[in-house]
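Student: sequence first, then the predicted structure, then my questions.
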Amino acid sequence: MNISLAIMAAGFGTRMKSNIPKVLHKISGYEMLYHIINESKKVTDDITVILYHQATLIKKEMDKYFDDINYIIQDVENFPGTGGALRGVEAKYEKILVLNADMPLLETQDMLSFTKIDAPVIMSSFKCDDPSGYGRVILDKQKLVNKIIEEKDTTQDEKNIKLVNAGVYLFDTSFLKENLKNLKNDNTQKEFYITDLIKIANEKNIKVKSIEVDIDTFMGVNSKYHLALAEELMQTRIKRRFMESGVIMRLPNTIYIESSVEISKESVIENGVSLLGNSKIINSHIKTNSVIENSVIENSDIGPMARIRPNSFIKNTHIGNFVEVKKSTLNGVKAGHLSYLGDSIISEGTNIGCGTITCNYDGISKHKTIIGKNVFVGSDTQLVAPVIIEDDVIIASGTTVTKDIKKGSLAINRAPLKIIDNFFYKFFGKEHE
């Protein structure tokens, strides 16, 4: 596709009221800027991000995901404003799409819709009941854009116009290169506005067309309230795609799924579940209020109220309520309730009794617990790592295992039970007899 992309991310984002740059606030697990770059990469190999405020931090965060993005720093001192931001962009292709970094809901098809219209200049617009805060779009009789009026410059009648500027543009690169230098900052803000390019195009009898877009998709996220709205919209989009591909969700509005999660059809996700990071759910049942983070679950049932922490691989396994698994591989295991299994490898046929704990941390380092096949671990067992439990072992309830157990053994270290007759009455006095 012969199109370049410029993403404007230089603003201060003061309405977000945060020390974190606006474009680094997260939606469905990832920064707003990440979302728009990720979608942009499906459109072109020529992406320029324009930075200024906290530029070093923003670039550092994006470098964790992308290594082929062009970054430029806006010369805010000499060329402030949206028009000034574009001055340093060197487009590779004959068309350049200009996006805003605070539009995390934009998808590839939204960007490509601009390329289906034939005009040197194309701008986006949408209709809204309350247009306050937006520039108003004035169309002529041929439905071409006559001008954009910033709200502070509108007359009383113009304030009632419902068609507003959505802030995304597609320019012929030659038009942009020729006319950016013609922008002036003779306005109250003393800034160079991208919207003035529409005025310049009209003065030169260059057609400016408007594409009407979806208000929800093109919403700009400027505050924590907008952030919450965008989160809801993205969550609805994510869950709808999974459900349409065959995943069952119970009360989907209560479920949270980050954008990098994968779920195969035939899986069931119950209410209150959180699926985080790069988790993969394959033909599994995740029950109420369970949390899965950066883990793979295959042919298993999890929960209710279980927590699977990062780097866990669980297959053909039953994990019950109040079980926590961390950085462990379980295959063909039953762990019904109230257990912690950390830094462990557990093989098929093994049963983990209630209250079992792998004591994996000695205060300095983490250590591994390895449990073989067909092991029966009794309730209230502590496995002090590093430790290896071989196949076909029984560990009696209440045992603390501090050394390796050989195949076929019984491990038991209970203290003898001592019973003292009538001790209750001696302790509390005769009145309790």
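Tutor: Thanks, I have the structure now.

Student: surely residue 278 touches residue 292?
Tutor: No. Taking C-beta atoms under 8 Å as the definition, residue 278 is not a contact partner of residue 292, at 10.6 Å. To be clear about C-beta, it is placed using only N, CA and C from the backbone, and glycine gets the same treatment.

Student: what is the mean pLDDT for the longest helix seen in the chain?
Tutor: Across the chain, the longest stretch assigned as helix under DSSP state H is helix 224-244. Mean pLDDT, helix 224-244: 97.

Student: pull out the buried residues from it.
Tutor: Buried residues in helix 224-244, counting neighbours by 16 or more other C-beta atoms under 10 Å, are found at 226, 227, 230, 231, 233, 234, 235, 238, 239, 242.

Student: dump the residue contacts of the second one.
Tutor: Taking C-beta atoms under 8 Å, 6 or more residues apart in numbering as the definition of contact, the neighbours of residue 227 are 16, 25, 27, 221.

Student: which of these sit farthest apart?
Tutor: Spatial extent of the contacts of residue 227 (C-beta to C-beta) is set by the pair 16 and 27 at 12.8 Å.

Student: picking up where we left off before, which one's more surrounded, residue 278 and residue 292?
Tutor: residue 292 (30 against 14; other C-beta atoms under 10 Å).

Student: which SSE is the closest residue to residue 401 other than its chain neighbours in?
Tutor: Excluding its sequence neighbours, the residue lying closest to residue 401 (C-beta to C-beta, 6 or more residues apart in numbering) is residue 383, at 4.9 Å. Secondary structure assignment for residue 383, by DSSP states H and E: strand 382-384.

Student: with just CA atoms, put the helix or strand harbouring residue 210 into CSV.
Tutor: Element membership for residue 210 (DSSP H and E) is strand 208-212. Extracted as CSV, the C-alpha positions of strand 208-212 are listed here (Å, rounded to 0.1, in the frame of the first residue of the first chain):
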residue,chain,number,x,y,z
VAL,A,208,-11.4,18.6,0.0
LYS,A,209,-13.7,15.7,0.7
SER,A,210,-15.0,14.5,4.1
ILE,A,211,-15.5,10.9,5.2
GLU,A,212,-18.1,10.5,7.9
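
Student: buried ones in it?
Tutor: Those buried within strand 208-212 under the rule 16+ other C-beta under 10 Å are 208, 209, 210, 211.

Student: which residues does the last one contact?
Tutor: Looking back up the chat, that one is residue 211. By C-beta under 8 Å, 6+ apart, the neighbours of residue 211 are 113, 114, 117, 122, 123, 124, 125.

Student: would you list the buried entries among those?
Tutor: Buried by 16+ other C-beta under 10 Å: 114, 122, 123, 124, 125, out of the contacts of residue 211.

Student: what secondary structure does the first one sit in?
Tutor: For residue 114, the assignment made with DSSP: H, G, I helix; E, B strand; the rest coil gives helix.

Student: residue 107 versus that one, what's the distance?
Tutor: Distance from residue 114 to residue 107, counting by C-beta to C-beta, to the nearest Å: 13 Å.

Student: quick check, residue 192 in contact with residue 182.
Tutor: No. With contact defined as C-beta under 8 Å, residue 192 does not reach residue 182; the gap is 10.1 Å.

Student: the residue nearest to residue 98 when sequence neighbours are not counted: how many residues sit nearby?
Tutor: In this structure, residue 98 finds its nearest non-sequential neighbour in residue 169, 4.5 Å apart by C-beta to C-beta, 6+ apart. When neighbours are counted by other C-beta under 10 Å, residue 169 registers 24.

Student: returning to what we had before: nearest to residue 7, of the buried residues of strand 208-212?
Tutor: Distances from residue 7 to these, taken by C-beta to C-beta, are shortest for residue 211, at 18.5 Å.

Student: pLDDT score for residue 415?
Tutor: Taking residue 415 on its own, its pLDDT is 85.

Student: give me the number of residues near it?
Tutor: Using other C-beta under 10 Å as the criterion, residue 415 is surrounded by 6 other residues.

Student: doesn't it lie inside a helix?
Tutor: No. Counting by three-state DSSP, one finds residue 415 to be coil, located in no helix.

Student: now it: how far from residue 399?
Tutor: From residue 415 to residue 399 the distance is 11 Å (C-beta to C-beta).

Student: now the helices for this protein?
Tutor: 32-40, 55-62, 82-85, 108-112, 173-179, 196-203, 224-244, 423-428.

Student: of the ones you listed, which is nearest residue 405?
Tutor: Of all the helices of the chain, helix 423-428 comes closest under C-beta to C-beta, at 35.8 Å.

Student: quick one: contacts for residue 143?
Tutor: Counting by C-beta under 8 Å, 6+ apart, residue 143 has contacts 209, 210.

Student: hang on, residue 26 packs against residue 32?
Tutor: Yes. With contact defined as C-beta under 8 Å, residue 26 reaches residue 32; the gap is 7.5 Å.

Student: need the contact partners of stretch 343-358.
Tutor: 316, 326-342, 360, 366-383, 385, 391, 397.

Student: same question for stretch 329-339.
Tutor: Stretch 329-339 has contacts (C-beta under 8 Å, 6+ apart) with 312-325, 341, 344-357.

Student: swap in stretch 24-38?
Tutor: Here stretch 24-38 has contacts from 7, 9, 16, 18, 22-23, 47, 49, 57-58, 61-62, 65-66, 69, 99, 101-106, 221, 227, 230-231, 234-235, 238, 257-260, 276-277, using C-beta under 8 Å, 6+ apart.

Student: likewise stretch 99-113?
Tutor: With C-beta under 8 Å, 6+ apart as the test, stretch 99-113 has contacts from 1, 5-9, 11, 13, 22-23, 27, 32-33, 35-36, 39-40, 42-43, 49, 97, 167-168, 211, 213-214, 216-222, 230, 233-234, 237.

Student: residue 157: which of the buried residues of helix 224-244 is nearest?
Tutor: residue 226 (28.6 Å).
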